[in-house]
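**Q** here is my input; please provide its structure:
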Amino acid sequence: MDRLTAEHRSWLMSRIGSKNTKPELVVRRLVFAMGYRYRLHPKYLPGSPDLAFLGRKKVIFVNGCFWHGHRGCRYGRLPKSHVDFWEAKIDRNRARDTAKIAELESKDWRVLTIWQCELKDTETLAKRLNDFIQSK
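**A** Next up is the predicted model:
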């Protein structure tokens, strides 16, 4: 049972931004420290990726496990209240993500998705990012 009123909960949820999130900032700092430069949220690319390497035609999406429905992850679980609403919302987010990635790939862009839960192991993440950016 939620201790907040529906109006207050709605107001709180509306404050959650889609850009410059903590997971995104972690990835950006890591990529920058590795010596790579990128563009942020280019609106002319489908889905406005979080990081875009224009010369390499590569993009990175940094997804929150809850908001993008990361299956099998403890952060990706649905809340116990308003299950129908959240299930529909997260399914729409997943469908949109899939469509935008397919659109990017059809334009010969390479796409990497980093999940919020993957940020704990920075060594593995750094290797994965470097391998993705360096690959042909």
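
**Q** tell me what the residue nearest in space to the middle of the chain is bridged to.
**A** Ranked by distance to the mean C-alpha position of the chain (CA atoms, centre = their mean), the top residue is Asn63 at 1.9 Å. Beta-bridge pairing for Asn63 (DSSP bridges): Trp115.

**Q** give me the distance between it and Gly35.
**A** Relative to Gly35, Asn63 is positioned 24 Å away (CB to CB, to the nearest Å). Using the backbone N, CA and C atoms, a C-beta is placed for each residue, glycine as well.

**Q** go on, Ala102?
**A** Ala102 is 31 Å from Gly35, by CB to CB.

**Q** which of these two has more residues huddled nearby?
**A** Each of Ala102 and Gly35 has its neighbours counted (other CB atoms under 10 Å); Ala102 has more, 12 against 8.

**Q** any buried residues in the strand or helix carrying the more buried one, and which?
**A** Assessed by DSSP states H and E, Ala102 sits inside helix 83-106. Neighbour counts over helix 83-106 (16 or more other CB atoms under 10 Å) mark Trp86, Ile90, Asn93, Arg94, Asp97, Lys100, Ile101, Leu104 as buried.
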